[in-house]
Every structure is written in C-alpha cells, then in structure tokens.
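# A predicted structure for the sequence below; I have some questions about it.
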Amino acid sequence: MTTGDGVPEVDVDEAKRRVDAGAMLLDVRTEDEWEAGRAPGATWIPMREIQARQDEIPTDRPIVVICRTGARSGRVTEALTASGYDAVNVAGGLVAWDAADLGVVADDGPGTVA
C-alpha cells in the first residue's frame with residue numbers, strides 16, 4: 001500500500017510481520033518520546049539525525065520506519081526510498097502499534113506512547 005504521495009506504507013500487523021521476519025524497525029522520534037516508550041527491538045535514530053547517521057541503516061534488509069503517528073516516519077521513509085532503501089512507513093505509528101497491543105517498553109519496564 002502507498003499513501004497519496006507515493007510513500008510505501010503498511011499497517012501495524014504487517015509491520016510486525018516484517019520485523020519478525022528480519023526487517024529493521026527504525027524509530028525516528030525525539031529522545032523524550034523514545035525514553036517514554038518504544039516498540040520492542042526498535043533502533044533509535046531521531047529524524048533530525050537520519051542524514052548524518054545514514055551509515056547505521058542497513059542496505060541489505062528492509063526498513064520499517066515508525067514515529068508517534070506516522071507523519072515524521074513518512075517523510076523519513078520517502079527520503080530513504082529515494083536513496084534506494086527498501087523502506088516502509090508504519091501507518092498510525094506507535095499510537096496504532098500500542099492500540100494493537102504489540103508492546104511498548106521503556107528501560108525500566110512497560111512504556112507509554114509520548
């Protein structure tokens with residue numbers, strides 16, 4: 001599925017399936033959001049650091065990009081796909097992930113979506 005502006009997008013169930021199959025789950029939210037809670041196994045690179053840290057994003061496996069609601073991750077997905085990455089945006093972001101009971105964790109236990 002793609003958004004109206006052509007960004008590849010998947011729902012949370014498909015995102016989870018892809019992550020379970022080996023895709024990288026890339027969280028692009030701010031530090032405060034990350035610390036409050038994140039999807040288990042996610043890798044954190046804030047949106048503002050994506051370009052500088054692009055070498056940390058693998059080119060040999062799919063990337064599933066997530067933020068709070070899907071807007072920022074949609075922009076990151078667009079940039080990554082334009083650079084040749086196999087990337088998809090998570091529709092509804094971590095809010096939808098949490099609503100689907102897929103798990104949100106923090107350093108000290110259960111997390112919240114900030």
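Nice, I can see it.
# so where does residue 75 fall, helix or strand?
Secondary structure here is read from DSSP states H and E; on that basis residue 75 sits in helix 71-82.
# Correction: the previous question concerned residue 25.
strand 24-27.
# May I have the strands that pair with whichever helix or strand comes after the helix holding residue 75, each with its orientation?
Helices and strands here follow DSSP H and E; after helix 71-82, the next one along the chain is strand 87-90. Here the strand partners of strand 87-90, with direction, are listed using DSSP bridges: strand 9-10 (parallel), strand 63-66 (parallel).
# May I see the buried residues of the helix holding residue 75?
Within helix 71-82, the residues scored as buried using 16 or more other Cβ atoms under 10 Å are 72-81. For glycine as for every other residue, the C-beta is placed from the backbone atoms N, C-alpha and C.
# Any idea how far the helix or strand bottoming out on mean pLDDT in the chain is from the middle of the chain?
The helix or strand with the lowest mean pLDDT-type score in the chain, counting by mean pLDDT, DSSP states H and E, is strand 109-110 (a mean of 90). Here the centre of mass of C-alpha atoms in strand 109-110, compared against the chain's by Cα atoms, centre = their mean, to the nearest Å, lies 19 Å away.
# Likewise for stretch 39-49?
The chain centre lies 7 Å from the centre of stretch 39-49; the measure is Cα atoms, centre = their mean.
# Please enumerate residues in contact with it?
Outside stretch 39-49, the residues within contact range by Cβ atoms under 8 Å, 6 or more residues apart in numbering are 19, 24-31, 34, 38, 53, 56-57, 66-67, 72, 75-76, 94, 97, 102-105.
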